Each structure stands twice: as structure tokens, then as C-alpha cells.
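Engineer: Sequence and predicted structure are below.
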Amino acid sequence: MKPLKVGLLGLGVVGGGVWNVLSRNGGEIARRAGRSIEVSRIAVRDMARARSKVGDAAAITTDPFEVVRDPEIDIVVELIGGYTLALELVREAIAQGKHVVTANKALLACHGNELFAAAREKGVMLVYEAAVAGGIPIIKALREGLSANRINWLAGIINGTTNFILSEMRSRGLSFEAALADAQRLGYAEADPTFDIEGVDAAHKLTLLASMAFGVPVQFDRAHVEGISKLAQEDIVHAENLGYRIKLLGITKLRPDGIELRVHPTLIPEGRLLANVEGAMNAVLVHGDAVGPTLYYGQGAGEEPTASAVIADLVDVARLQGAAPEQRVPYLAFQHDAMADTPILPIEDVRTAYYLRLHVDDQPGVLADIARILAEAEISIGSMIQRPHGDSGADIIFLTHQAVERDVNRAIGLIEQLPQVRSSVTRIRMENLA
Ligand SMILES: NC(=O)C1=CN([C@@H]2O[C@H](COP(=O)(O)OP(=O)(O)OC[C@H]3O[C@@H](n4cnc5c(N)ncnc54)[C@H](O)[C@@H]3O)[C@@H](O)[C@H]2O)C=CC1
Ligand SMILES: N[C@@H](CC=O)C(=O)O
Ligand code: NA
């Protein structure tokens, strides 16, 4: 059978990994795919660097449109990133009738509805296993392995950079800045690391997971996004002393009234498997009504783990290229004419438990005032600790039972007006994940 001719856009961390793994495992991959997979053209920015990596084994250009428009190319692998040039290139590749593999979650979370519709129109595949949780085959699991289930919820550590930073801060006492620099050096971080730190990258991935779990269009603009930049070291320590770990979680839940779609730092009981996912590892817990909880764990970022997912998509395309579109799996796991318009709920409607830390004057009566405000807002307290803090001050930490975020916000507003409360209340959501 004819080799599958690949046009590779970008030879950075992931593109370089794809080149290495295909070069090393080409024979084995061909045995699986039924034909060889050949990178015949590569678009790069730095010609000399690319030449030193691939020698004469592929044609190299600095014009990615040349690759996308090359009639010899069957499939375009977009590994440039971002949603400006990458969007134009993927649009053009589809218009040229080429299948597309991408690792670009930002592109699909923001422009996926348009791109999937265009791909369907042209009868081409647009596949993206590497875009969510790197090397973990979570897309395949949701799209294929779990297709009997009504998915109730899923929660995941889906950003390697932030998990690496939190792990390093907790276990080695590294500063935020030093841990981020290490994550960048190791190739985990996005070109703009604020996407990692502020939860945007995790929200891009969660947006895709929610669409595949619940059969709704991608709606990144409806996701609630909070990162780890405002997380204080003292809350990491308090959480640990209380038997919890703080992780940046992406959580999506199907409720009778809509879908929760949220990324934020989260306290998790330390005995849970997710609480023990360290470094750049990712893990996604998916709860289906028939299968129950299932957990997917592995390397969510980095050169070869991500290349592993890109190449798995290439193998799928190699096998399915000649198949009729209806014989292929749908882009977002549900048939395009069976998508639902279930609303995404605002964060104020979310119901979860909370960690609240208050810095107060250590005076009689303050606790009673706070407890009264919480009780009036129908927020019940699960446990409480008090620690001396500064000159005649104290930190009080409440762990609440489940409450509606709107009520918690109102209560926090009232608490902050108490004269004995010295600074704004720190609020971190807690999930039991049972
Ligand atoms: N690094 C990782 O661990 C993971 C990255 N991804 C995604 O994979 C994609 C690529 O990421 P990385 O490889 O980490 O980025 P990178 O920055 O290492 O590589 C991107 C490459 O594209 C090249 N490039 C930029 N503009 C170009 C142009 N006009 N023509 C040709 N080449 C051009 C750059 O020179 C660079 O070598 C992104 O969408 C990223 O979000 C997904 C999962 C994991
Ligand atoms: N920057 C991302 C890379 C993989 O998607 C991360 O840190 O997880
Ligand atoms: Na993946």
C-alpha cells in the first residue's frame, strides 16, 4: 500500500518528538497502520536548525502554506500552536481536502465548531488526541471506549506545568518562579506560560472534554477559569495539615439544569488518587453511569509523550483514509446532528464545598459573628481550625459542607465588612471526587 504522506508544520518540542518517534519506531508503526507513514515535507522557522535535525530525509521550507497546498501531501500535522496562523493553515488544509492532526487545544476550544463543520463538509478527518492530556489516550476513551455510558461528570489534572509547579512548591519548597522556569526548560509550558498559570490551557482542554462527554458544541467562552497565580504557600500548608492537597482541576458535571464547566485550584482529600498525581503527570477521572469511575493517568506534556498521541492519530488516519465518512468516529464523539444545546451554568450556580481562610482580630465574639453570617446564608460548617497569625491576630479556617457559590459569595461579602476581619477572605473550592 502507498505510504501516508505527512506534511509537518512546526518542528519544536512536539514536532521534534514526532520526528524522533517516527524515525525510531517507523517499522513497528507501519505494522500497525498497514502502510508506512512518511514525513515528506516540514515547515519550520529556523531552516538551519531543522536541517541539522532531519538532514536530507525530508523537504524543508519556511512557508507552511507550501506544505498545506502540496498535492502530494495526504495529511497535515499542525504543531505550530496559537490560533492566528494555525487557524489559517488548518482552514486551508481542510479546504485543500487534507486530513488534519493537531495538538492545538487553544485552536479547537476557540474555533472547533467552525473547523469541525468545515472538515465534515470536505469529508476529511480532524483529529486531536494530543490536544488533551498529552500522551494519555483520553479522547479515544471518551469517544470510543465509554460510548455506552451517560457520563455524569469528569475531573482532571490536565495541565502538566501547573501540576509540576504545585508539586515542586509542596514537596521541595521551590518558589513559584523557580518551578515555572524548570517547567519551561523541560518543554511542558505553552509559548505564553500565562495560559498554563492562569488556567486557560486547562480550560481549553476541559472545553473539549465536556463536548465529548455530553455531546454539546465547544464553548470555551462559557468556562469558568481560575489559575494558580494567586494561590498562597500558606494555603498549601494549611490544606496539607488538614489532610488535603491543592490541585488545579478541570471539572465538568452534567446536572438536570445544565453543565458545570470550571477550572480552579481545588482541595482534594489526600487519600484520593488524583491528590497523588505529581509533577507533569496528568490524570482524568471519568464517571459513567454504567462503568462507574474510570481513571486515566500518564504524561500530559513533553516531547515524546505528546508525539505518542500525535502518531496514534496518524495511524488512525492511515487506516481509515479510504473509508466513507459515516464509518469514521464523529469529531466530538456524538453525531453532528445529535448535539444537544444543554446550557453551561454560571459559576454562581455551582454547588460544592469550600475552604475559607479569614485573617481576624483575636477577640471574643468574632467567631460568633462569622458563624451567624454563615448560618444565615445556609452554609454549614464541617470543621474549623484557628491559628495565631501576627500581632494579636488569628487565621480562622472553615471547611464548609456543600453550598451554592452565590450564597457563599454573599456571605463572604458580609464577613469582609465585619470590623474584626483584617483582610479579604481566601476561598478555595473543595471536591470529594467520590
Ligand atoms: N509541549 C507540550 O508538552 C505540548 C504541546 N501541545 C501543543 O502542541 C503545539 C506545539 O507546541 P510545542 O511543540 O510545545 O511548541 P514549540 O514552540 O516548541 O514549537 C512550535 C514550533 O513552530 C514553529 N513555528 C512557528 N511559526 C512558524 C511558521 N510560521 N512556520 C513554520 N514553523 C513555525 C516554531 O519555530 C517552533 O519550532 C501547541 O499547540 C501546544 O499547545 C500539546 C500538548 C503538549
Ligand atoms: N502546556 C501544557 C502542555 C500540554 O498540553 C501543559 O503544561 O500541560
Ligand atoms: Na491525549
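Structural biologist: That came in fine, so what should we check first? Ligands and ions are numbered 1, 2, ... in the order given.
Engineer: just the strands in the stretch 51-200 of the chain please.
Structural biologist: Secondary structure of the stretch 51-200 of the chain (DSSP state E, counting those that start in this stretch): strands located at 59-61, 75-78, 99-102, 126-127, 151-157.
Engineer: Could you save those strands as CSV and add columns showing mean neighbour count and distance to ligand 2?
Structural biologist: (Glycine included, C-beta is placed from N, CA and C.) Rendered in CSV, the data for the strands of the stretch 51-200 of the chain read as follows (neighbours: other C-beta atoms under 10 Å; distance: least, C-beta to the nearest ligand atom, whole Å):
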stretch, mean neighbour count, distance to ligand 2
strand 59-61, 18, 25
strand 75-78, 27, 14
strand 99-102, 27, 12
strand 126-127, 25, 16
strand 151-157, 24, 9
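Engineer: Mean pLDDT for those strands - can I get that in CSV?
Structural biologist: Formatted as CSV, the strands of the stretch 51-200 of the chain follow (pLDDT from 0 to 100):
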stretch, mean pLDDT
strand 59-61, 98
strand 75-78, 98
strand 99-102, 98
strand 126-127, 98
strand 151-157, 98
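Engineer: can you put those strands in TSV and add distance to residue 248?
Structural biologist: Formatted as TSV, those follow (distance: least, C-beta to C-beta, whole Å):
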stretch	distance to residue 248
strand 59-61	38
strand 75-78	26
strand 99-102	23
strand 126-127	26
strand 151-157	7
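Engineer: For ligand 1, give me its nearest residue in this structure.
Structural biologist: Taking C-beta to the nearest ligand atom as the measure, the chain has residue 12 as its residue closest to ligand 1, at 1.9 Å.
Engineer: Which residue, neighbours along the chain excluded, lies closest to that residue?
Structural biologist: The shortest distance from residue 12 to any non-neighbouring residue, by C-beta to C-beta, 6 or more residues apart in numbering, is to residue 79 (6.8 Å).
Engineer: List the contacts of that neighbour.
Structural biologist: 8, 9, 10, 11, 12, 14, 15, 18, 102, 103, 104, 310 (C-beta atoms under 8 Å, 6 or more residues apart in numbering).
Engineer: Number of residues surrounding the third one?
Structural biologist: The criterion is other C-beta atoms under 10 Å. On that basis, residue 10 has 23 neighbouring residues.
Engineer: Who are the contact partners of it?
Structural biologist: Neighbouring residues of residue 10 by C-beta under 8 Å, 6+ apart: 43, 44, 78, 79, 80, 81.
Engineer: of these, closest to ligand 3?
Structural biologist: Within the contacts of residue 10, distances to ligand 3 taken as C-beta to the ion reach their minimum at residue 79, with 14.2 Å.
Engineer: Show me the helices in this structure, by range?
Structural biologist: In the chain, the helices defined using DSSP state H lie at 13-33, 47-54, 64-68, 85-95, 105-122, 138-140, 160-171, 176-185, 194-197, 200-214, 233-241, 303-320, 366-376, 405-417.
Engineer: Tell me which of the ones you listed sits most buried.
Structural biologist: Of all those, helix 200-214 carries the top mean neighbour count, a mean of 28, counting by mean count of other C-beta atoms under 10 Å.
Engineer: List the single closest residue to residue 180 in space, sequence neighbours excluded.
Structural biologist: Nearest one to residue 180, counting by C-beta to C-beta, 6+ apart, is residue 165 at 5.8 Å.
Engineer: Could you dump the contacts of residue 79 into CSV and include distance to ligand 3?
Structural biologist: Listed next are the contacts of residue 79 as CSV, based on distance: C-beta to the ion, whole Å:
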residue, distance to ligand 3
8, 19
9, 19
10, 18
11, 21
12, 18
14, 12
15, 17
18, 14
102, 12
103, 9
104, 13
310, 9
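Engineer: Near ligand 3, which residues of the stretch 201-350 of the chain are found?
Structural biologist: Contact residues (C-beta under 5 Å from the ion) of the stretch 201-350 of the chain with ligand 3: residue 309.
Engineer: Tell me which stretches of the stretch 201-350 of the chain form strands.
Structural biologist: Using DSSP E, counting those that start in this stretch, strands in the stretch 201-350 of the chain cover 224-225, 244-255, 258-269, 281-288, 292-299.
Engineer: which helices and strands does the fourth one pack with?
Structural biologist: If you count contacts as 3 or more C-beta pairs under 8 Å, 6 or more residues apart in numbering; DSSP states H and E, strand 281-288 packs onto strand 151-157, helix 160-171, strand 292-299.
Engineer: now the ones you listed as JSON lines including distance to residue 412?
Structural biologist: Below are those laid out as JSON lines (distance: least, C-beta to C-beta, whole Å):
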{"stretch": "strand 151-157", "distance to residue 412": "24"}
{"stretch": "helix 160-171", "distance to residue 412": "24"}
{"stretch": "strand 292-299", "distance to residue 412": "32"}
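Engineer: Mean pLDDT lowest where, among the ones you listed?
Structural biologist: With a mean of 95, helix 160-171 has the lowest mean pLDDT of the helices and strands packed on strand 281-288.
Engineer: which ones are touching the closest residue to residue 374 other than its chain neighbours?
Structural biologist: Nearest non-adjacent residue to residue 374, counting by C-beta to C-beta, 6+ apart: residue 411, 5.6 Å away. Contacts here follow C-beta under 8 Å, 6+ apart; on that basis residue 411 touches 373, 374, 376, 377, 379.
Engineer: Distance of residue 38 relative to ligand 2?
Structural biologist: Distance of residue 38 to ligand 2, computed by C-beta to the nearest ligand atom, to the nearest Å: 26 Å.
Engineer: any idea how far residue 3 is from that residue?
Structural biologist: Distance, residue 38 to residue 3, using C-beta to C-beta, to the nearest Å: 4 Å.
Engineer: circling back to that earlier point, kindly reformat the strands of the stretch 201-350 of the chain as TSV containing distance to residue 419 and mean neighbour count.
Structural biologist: Output for the strands of the stretch 201-350 of the chain, formatted as TSV (distance: least, C-beta to C-beta, whole Å; neighbours: other C-beta atoms under 10 Å):
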stretch	distance to residue 419	mean neighbour count
strand 224-225	32	20
strand 244-255	30	23
strand 258-269	29	23
strand 281-288	43	22
strand 292-299	47	16
